[in-house]
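A.B. asks: Sharing a model that was predicted from the sequence below.
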Amino acid sequence: MTNQLPNVIQQGQSYMEAWPMEKQLYGLFPECRIIAATKFGFKVMPALAVLTVAVQYHFMGSSQLPQALTLGLFFLSLPIQGLIWLGFRSQKVLPPAIKVWYQDIYLKMQQQGCAVEQPKSQPRFHELACLLRTAYAELDKAFTKHLF
């Protein structure tokens, strides 16, 4: 799979949509915090970038316009940086400890009769996100509380 920037950003968006934002996962994975910060950045950073450029232009004049535009572009790039991090993370192979946990969750879901697709031999974080989303959607709260 190619790692061109638009593909990585698209993978990051897909991973952000697939990852379940559950309180039990906040302490285990950085994804929850990165996703929350990225979503917040998409809401706030465009306004902050425009405000920064406008205030610097107003008070410092046109001589500082290149620096103001650079700072504005930096603020606009922050949520994109979150998507890039998520895109690269989604394609990483699970470490051995998390892979065992992934297989354990898969087996428990299969025993409960959930419709899950065949597990991959080398699962990636995106497959973990899909499995966790399915677990939270289809299993009752007592069972998911036991998993974590």
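C.D. replies: Received the coordinates, thanks. Numbering: from 1, shown residues only.
A.B. asks: Okay, helices next: where are they in this protein?
C.D. replies: 5-18, 23-26, 31-60, 65-90, 96-111, 125-138, 141-147 (DSSP state H).
A.B. asks: In contact with residue 82, which residues?
C.D. replies: Residues in contact with residue 82 (C-beta atoms under 8 Å, 6 or more residues apart in numbering) are 12, 34, 35, 37, 38, 41. Every C-beta, even on glycine, is put in place using the N, C-alpha and C of the backbone.
A.B. asks: What subset of these is buried?
C.D. replies: For the contacts of residue 82, a neighbour count by 16 or more other C-beta atoms under 10 Å gives the buried set as 12, 34, 35, 38, 41.
A.B. asks: Which of those sits closest to residue 86?
C.D. replies: residue 12 (3.7 Å; C-beta to C-beta).
A.B. asks: Verify the stated contact: the closest one with residue 81.
C.D. replies: No. Using C-beta atoms under 8 Å, residue 12 is not in contact with residue 81; the gap is 9.8 Å.
A.B. asks: In a markdown table: the helices of the chain, plus distance to residue 117 and mean pLDDT.
C.D. replies: Below are the helices of the chain laid out as a markdown table (distance: least, C-beta to C-beta, whole Å; pLDDT from 0 to 100):
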| stretch | distance to residue 117 | mean pLDDT |
| --- | --- | --- |
| helix 5-18 | 13 | 95 |
| helix 23-26 | 21 | 87 |
| helix 31-60 | 21 | 96 |
| helix 65-90 | 17 | 96 |
| helix 96-111 | 10 | 89 |
| helix 125-138 | 8 | 90 |
| helix 141-147 | 19 | 60 |
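A.B. asks: from what I can see residue 35 touches residue 20, true?
C.D. replies: No. Residue 35 lies out of contact with residue 20 (C-beta under 8 Å); the separation is 10.1 Å.
A.B. asks: Make a markdown table from the buried ones among the contacts of residue 82 and add distance to residue 104 to it.
C.D. replies: Below are the buried ones among the contacts of residue 82 laid out as a markdown table (distance: C-beta to C-beta, whole Å):
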| residue | distance to residue 104 |
| --- | --- |
| 12 | 27 |
| 34 | 25 |
| 35 | 24 |
| 38 | 29 |
| 41 | 34 |
